[in-house]
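structure for the following, please:
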Amino acid sequence: MNVSARFLNASEAAKRLGVSAKALRLYEQRGLLVPVRSAAGWRAYGPDEMRRAGEIAALRALGFSLAQVARVLKGDPQGLEPALAAHQAALEGRLRQLAGTIERVHGLRDGLARGRAPTAGELARLLVPDSGIAFDLPWPWGGERFELGPVRPLTYIIGPLGSGKTRLALRLAQALPGAAFLGLDRAVLDGAAAGAWLDARPLPEWGLSDEAVAAIRARLDADSDIRARVDRALAWLVEDGAAVSDALVALLAGLEAEGPTALVVDLVEQGLDEATQEALIAHLRRRGPDSRPLVLMTRSCAILDLAAVGPDEAILLCPANHSPPAYVAPWPGAPGYEAVATCLATPEARERLSRGPGPAMS
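Purely as a prediction, here's the structure:
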């Protein structure tokens, strides 16, 4: 068919909607959206498709799973109550955050009336209440002082093999007040225990053994509250296309654990297929702004989709040359962007890039 100028390609449509092209493909795979095809077979999105996609994106922003979106689009109210309740809780969290900022503004104005000018730091904290922390970097760095910016609801740690990202994650769990480290065995280590691992050379080999799975399931059986939270999260994830597995249950048990004020998670995608990873990150993004901060180590482009990184997320890159970690903005051309994109490539692509270009073709 001939596609007029009113039709957009996938990249243009995604940009207009504020979602990723991967999200549009997911909507299509779940039967929620059917783009038209150009004469060359390319996907195209006209006014009807864009309106439908906009509705889907809005429902996803409200925290609806893909299965819930499908029901809403069919006029079925099943499942609306818990989804709307979760959205109300998120809005109330933002309201509390805003009330705290208003109180700080009121205090600064009172100070001005008494002749005390606010400092630049006090003014900056009106936008970013949490000023972050500073600590000395562990080996393989040389003990440089590192300033961690404001802790976002989601922070990703990424870097090539041998870059020190696991040791940085352990150091963060030790330095962040009240934080804990969730290892590959999905056992929760408090900050002191995480810091103790930093003295190990090399780091211990973690893994989700049968014994670890049995211990986690026993804990869930013994604690009805955490079992209920895990079951609710599982139900949402399954509706969004996730596959239930020991790896997913163990991860959720750690994520839902009470106590830590922040969680640093080792390779969050470990043992999860791509669809489950996509459902998981959507689930983590739907939490409110006052939810517990998560620091996620990852090498997965399903978890860290650079086109989908939002304002409440941050990317922390550990460079291969062991220069200090740096924040990276999620758009092409930003310093460090190509290094992050390379880390997120498939293992085959990373190997090819490490070899460099082959001999010139004659």
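
so what does the longest helix seen in the chain touch, helix or strand wise?
Longest helix in the chain, counting residues (DSSP state H): helix 80-113. When contacts are defined as 3 or more CB pairs under 8 Å, 6 or more residues apart in numbering; DSSP states H and E, helix 80-113 sits against helix 66-73, helix 120-127. In short, each C-beta sits where N, CA and C put it, glycine included.

relative to P311, which of the ones you listed is closest?
helix 120-127 (11.4 Å; CB to CB).

need the next SSE after the closest one, C-terminal direction.
Counting by DSSP states H and E, the element after helix 120-127 in chain order, helix or strand, is strand 133-136.

after that next one, which helix or strand is next?
strand 145-148.

closest to A44 out of the helices and strands packed on helix 80-113?
Using CB to CB, the helices and strands packed on helix 80-113 put helix 66-73 closest to A44, at 20.9 Å.

buried residues of that closest one, list them for me.
The neighbour-count check on helix 66-73 (16 or more other CB atoms under 10 Å) flags L66, A67, Q68, V69, A70, R71, V72 as buried.

now stretch 237-253
237-242, 246-253.

out of those, flag the one nearest to P325.
Using CB to CB, these come closest to P325 at L251, 24.1 Å.

can you name the residues that contact that closest one?
By CB atoms under 8 Å, 6 or more residues apart in numbering, the contact set of L251 is L182, R186, V265, V268, Q270, L272, L280.

6 Å instead, please
R186 (CB atoms under 6 Å, 6 or more residues apart in numbering).

after the helix or strand where it lies, next one along is what?
Per DSSP H and E, L251 falls inside helix 246-255. Next helix or strand after helix 246-255 toward the C-terminus (DSSP H and E): strand 262-265.

quick check: phi and psi at M297.
Dihedral pair for M297: phi -80, psi 130, per degrees, to the nearest 10.

all the helices of the stretch 151-300 of the chain, residue numbers only.
165-175, 191-197, 210-222, 224-239, 246-255, 274-285 (DSSP state H, counting those that start in this stretch).

which one of the ones you listed lies nearest to P332?
Among the helices of the stretch 151-300 of the chain, the nearest to P332 by CB to CB is helix 274-285 (20.9 Å).

quick check: angle from the closest one to helix 66-73?
Going by axes from the mean of the first three to the mean of the last three CA atoms, to 10 degrees, helix 274-285 is angled at 70 degrees with respect to helix 66-73.

any weak-confidence spans in the stretch 101-250 of the chain?
Across the stretch 101-250 of the chain, the ranges flagged by pLDDT under 70 are 124-125, 127-132, 200-205.

pull out the buried positions in stretch 46-55.
Those would be E49, M50, R52, A53, for stretch 46-55 by 16+ other CB under 10 Å.

ok, so of those residues, who is nearest D76?
Once CB to CB is applied, the member of these that ends up nearest D76 is R52, at 16.7 Å.

without its sequence neighbours, what residue ends up closest to the closest one?
Closest residue to R52 apart from its sequence neighbours, by CB to CB, 6 or more residues apart in numbering: L33 at 5.7 Å.

that neighbour and L80, how far apart?
21 Å (CB to CB, to the nearest Å).

quick one: which of the two has more around it?
The residue with more neighbours, out of L33 and L80, is L33; 22 against 14, by other CB atoms under 10 Å.

that one touches R25, doesn't it?
No. If you go by CB atoms under 6 Å, L33 and R25 don't touch, sitting 9.3 Å apart.

got a list of what A257 touches?
Going by CB under 6 Å, 6+ apart, A257 touches V188.

that older thread, okay, buried residues for the longest helix of the chain please.
By neighbour count on 16+ other CB under 10 Å, the buried set for helix 80-113 is A83, A86, H87, A90, R104, L108.

that helix to helix 66-73, inter-axis angle?
Per the same axes, to 10 degrees, the angle that helix 80-113 makes with helix 66-73 is 100 degrees.

hmm, back to that, nearest to Y337 among the buried residues of helix 80-113?
For these, the nearest to Y337 is A90 (29.8 Å; CB to CB).

if I look at that closest one, how far off is S291?
8 Å.

G183 now?
In this structure, G183 and S291 are 22 Å apart, going by CB to CB.

settle it for me: which of the two has more neighbours?
G183 (27 against 15).

give the contact list for the nearest residue to the more buried one once chain neighbours are set aside.
Spatial nearest neighbour of G183, chain neighbours left out: W206 (4.5 Å); criterion: CB to CB, 6+ apart. W206 makes contact with G183, L184, D185 under the criterion CB under 6 Å, 6+ apart.

wait, the first one sits on D266?
Yes. Taking CB under 6 Å as the definition, G183 is a contact partner of D266 at 5.1 Å.

re earlier: and the longest helix of the chain with helix 224-239, angle?
Relative orientation of helix 80-113 and helix 224-239, computed by the same axes, to 10 degrees: 110 degrees.

ok so, going back, need the helices and strands packed on helix 80-113 in TSV (columns: distance to V230).
Converted to TSV, the helices and strands packed on helix 80-113 look like this (distance: least, CB to CB, whole Å):
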stretch	distance to V230
helix 66-73	19
helix 120-127	35
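
these: which one's closest to A233?
That would be helix 66-73 among these, by CB to CB, at 14.4 Å.

distance between that closest one and the chain's centre?
For helix 66-73, the separation from the chain centroid amounts to 23 Å (computed by CA atoms, centre = their mean, to the nearest Å).
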